[in-house]
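1. Here is a sequence together with a model predicted from it:
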Amino acid sequence: MTNEYRPIFNRKYLVGLVWFSLIAILILSSMGPRAVEYHDVDSNDSQTLYWMELDDQPMQLVFLLATQPALNTTQQQLQQLKSLILQQRLRALASPTYSYNVTPRQDRIEVTLSWANEQPAPALNRIWQALSKPVDASRWREPLKKIQARDYLAEQSEEQTLVNRFYQQLQPADDTSVLNLLSPSYAELFTSPLFAISGEDAEDYVELIEQQLPQTLRPTGLSYPDSQPAALLRENSPDKTFRLLLGQTLPPRASDSFITHRISAQVIQDLLNKYQDQHNLKFRILWASLKHIGFQALILEGDQNPGPILPQLQQQVNEELVEQSQNRLAGIWQERMRDNMNQVAALSLIAFYQLPTDTMETYIDQLLDQDPDDIIKQTQRALDASQPISIIQSPVL
């Protein structure tokens, strides 16, 4: 007997499946990316401890230790040296039950302790006591020499030399050596600490942290730079390139005008990305908003003096460009916040800068609600050659 072959799927079924797949793809694509799940941030009454609960995530506790802004060379080397001391002291306490990391920032040093959910919390009081012991500066002479040697090699580029001049103008240094500054500066780390903890059942650790770590904010002896308007500095360029630096101080991170300045910096970047080839320019933007000060520096580099094209760039700043920059920043933030680890990093910023606990979820609205006229005015001012700190390097003819 002959067996008749019958296909499992007939033609009508396959056509219907294709159409169903196309419709499903169109529906899913129209839905756009999934909404971001922002995790709740809470703080204790004294606002010295902030926490965020993350299911199925290991525990992470961050000590946020405030420092003077590490801008000029002396303060940068001091920041590196203090971080090295913290690392060595943590290494002496090493335990298989937790890991540690030390990260120097421009206005703080972050000490991070991490442990698995099933592990007990580290002996926080013992760790704190070991870290906060006084420092004998004479023991750190050789490590400092290595730091200074690395810095010397990193500072040989012409652009980095210009950046260092800007930082020196922003934060003038006296003749005090790094080693003479070390002991009092290290002690200041532990004057007004802040803490951020995240992970599964993070709130359960609040009482333990409040018992074992200091929770009182005391006045510090930290001082902060206050730049004064200065005349345009003219220097000889070591090569055939013109370099123009336009710098200014900005409000600190917790300022109401932070968002306006942040968007303005993005507008400048988007503007120069669009016109740099037309004007044969290279550019770099330094921008930071720290605990007690912010700053911005725009560096323009080319075969001709960039100064004369600044008015042309100012004229290109309009509402359309501002809206594009706002949307770009909003999109970047939304994508970053899809990663829980970026929300953990944002938790530390909220804690250190004492920001509202709903900052993560309201940030996009803040970006999009800013007055375009304010942003345009700020951007045009930043593109004016009469900045508080202005340096022009011209080739020797």
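-> That came through, no problem.

2. which residues does Thr357 contact?
-> Thr357 is in contact with 40-43, 50, 350, counting by Cβ atoms under 8 Å, 6 or more residues apart in numbering. For glycine as for every other residue, the C-beta is placed from the backbone atoms N, C-alpha and C.

3. could I get these as JSON lines with distance to Gln276 and secondary structure?
-> Shown next, in JSON lines, are these (distance: Cβ to Cβ, whole Å; DSSP: H, G, I helix; E, B strand; the rest coil):
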{"residue": "Asp40", "distance to Gln276": "43", "secondary structure": "coil"}
{"residue": "Val41", "distance to Gln276": "39", "secondary structure": "coil"}
{"residue": "Asp42", "distance to Gln276": "45", "secondary structure": "strand"}
{"residue": "Ser43", "distance to Gln276": "44", "secondary structure": "strand"}
{"residue": "Tyr50", "distance to Gln276": "41", "secondary structure": "strand"}
{"residue": "Ile350", "distance to Gln276": "35", "secondary structure": "helix"}
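
4. most surrounded residue in these?
-> Of all these, the highest neighbour tally under other Cβ atoms under 10 Å goes to Tyr50, namely 26 neighbours.

5. hang on, isn't that one packed against Phe352?
-> No: contact criterion Cβ atoms under 8 Å: Tyr50 and Phe352 do not qualify, at 9.1 Å.

6. shared neighbours, the two?
-> Counting by Cβ under 8 Å, 6+ apart, the contacts common to Tyr50 and Phe352 are 194, 196.

7. With respect to Ser114, which of the contacts of Thr357 is nearest?
-> Ser114 has its nearest neighbour among those in Tyr50, at 16.7 Å by Cβ to Cβ.

8. give me the beta-bridge partners of the closest one?
-> Per DSSP bridges, the residues bridged to Tyr50 are Ser43, Ala196.

9. Look up how far Ala154 lies from it.
-> Taking Cβ to Cβ, to the nearest Å as the measure, Tyr50 falls 34 Å from Ala154.

10. can you give me the helices for this structure?
-> For the chain, helices defined by DSSP state H occupy the ranges 11-31, 73-92, 124-131, 141-154, 158-170, 178-188, 206-212, 258-275, 310-315, 319-336, 340-352, 359-368, 372-382.

11. surely Asn236 meets Gln393?
-> Yes: using Cβ under 8 Å, Asn236 is in contact with Gln393, at 6.9 Å.

12. re earlier: redo the contacts of Thr357 as CSV? Include pLDDT and distance to Asp384.
-> Putting these into CSV (pLDDT from 0 to 100; distance: Cβ to Cβ, whole Å) gives the following:
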residue, pLDDT, distance to Asp384
Asp40, 96, 43
Val41, 97, 39
Asp42, 97, 44
Ser43, 96, 41
Tyr50, 98, 39
Ile350, 98, 34
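
13. Pull the contacting residues for Val267.
-> By Cβ under 8 Å, 6+ apart, the contact list for Val267 reads 317, 321-322, 325, 375, 379.

14. where does it sit relative to Gln378, distance-wise?
-> For Val267, the distance to Gln378 equals 9 Å [Cβ to Cβ].

15. next one: Leu78
-> Between Leu78 and Gln378 the distance is 33 Å, computed by Cβ to Cβ.

16. center of the protein, which residue is that?
-> The structure's the chain has its C-alpha centroid closest to Ala288; by Cα atoms, centre = their mean the separation is 7.2 Å.

17. ok, back up a step: comparing Leu78 and Gln378, which shows the higher neighbour count?
-> More crowded of Leu78 and Gln378, by other Cβ under 10 Å: Leu78, with 24 against 21.

18. Can you report how many residues lie near the residue lying closest to that one once chain neighbours are set aside?
-> In space, Leu78 comes closest to Val178 once its chain neighbours are excluded; the distance is 5.3 Å by Cβ to Cβ, 6 or more residues apart in numbering. Neighbourhood size, Val178 [other Cβ under 10 Å]: 21.

19. What of Gln343?
-> Gln343: 20 surrounding residues under other Cβ under 10 Å.

20. and Asn236 and Gln393? which has more neighbours close in?
-> A count of neighbours by other Cβ under 10 Å puts Gln393 above the other of Asn236 and Gln393, at 22 against 8.

21. surely the more buried one meets Phe242?
-> Yes: using Cβ under 8 Å, Gln393 makes contact with Phe242 at a distance of 6.7 Å.

22. what residues are up against the nearest residue to Gln106 once chain neighbours are set aside?
-> Closest residue to Gln106 apart from its sequence neighbours, by Cβ to Cβ, 6+ apart: Ala70 at 5.2 Å. For Ala70, the contacting residues are 76, 78-79, 104-107, by Cβ under 8 Å, 6+ apart.

23. partner residues bridging Leu246?
-> Note on Leu246: beta-bridge partners by DSSP bridges are Leu298, Ser390.

24. Skipping adjacent residues, who's closest to Lys274 in space?
-> Excluding its sequence neighbours, the residue lying closest to Lys274 (Cβ to Cβ, 6+ apart) is Gln316, at 8.0 Å.

25. Pull the contacting residues for that neighbour.
-> Neighbouring residues of Gln316 by Cβ under 8 Å, 6+ apart: 271, 274-275.

26. Got a quick PyMOL command for the buried subset of the residues you listed?
-> Listed next is the PyMOL selection for buried residues among the contacts of Gln316, using 16 or more other Cβ atoms under 10 Å:
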select buried, resi 271
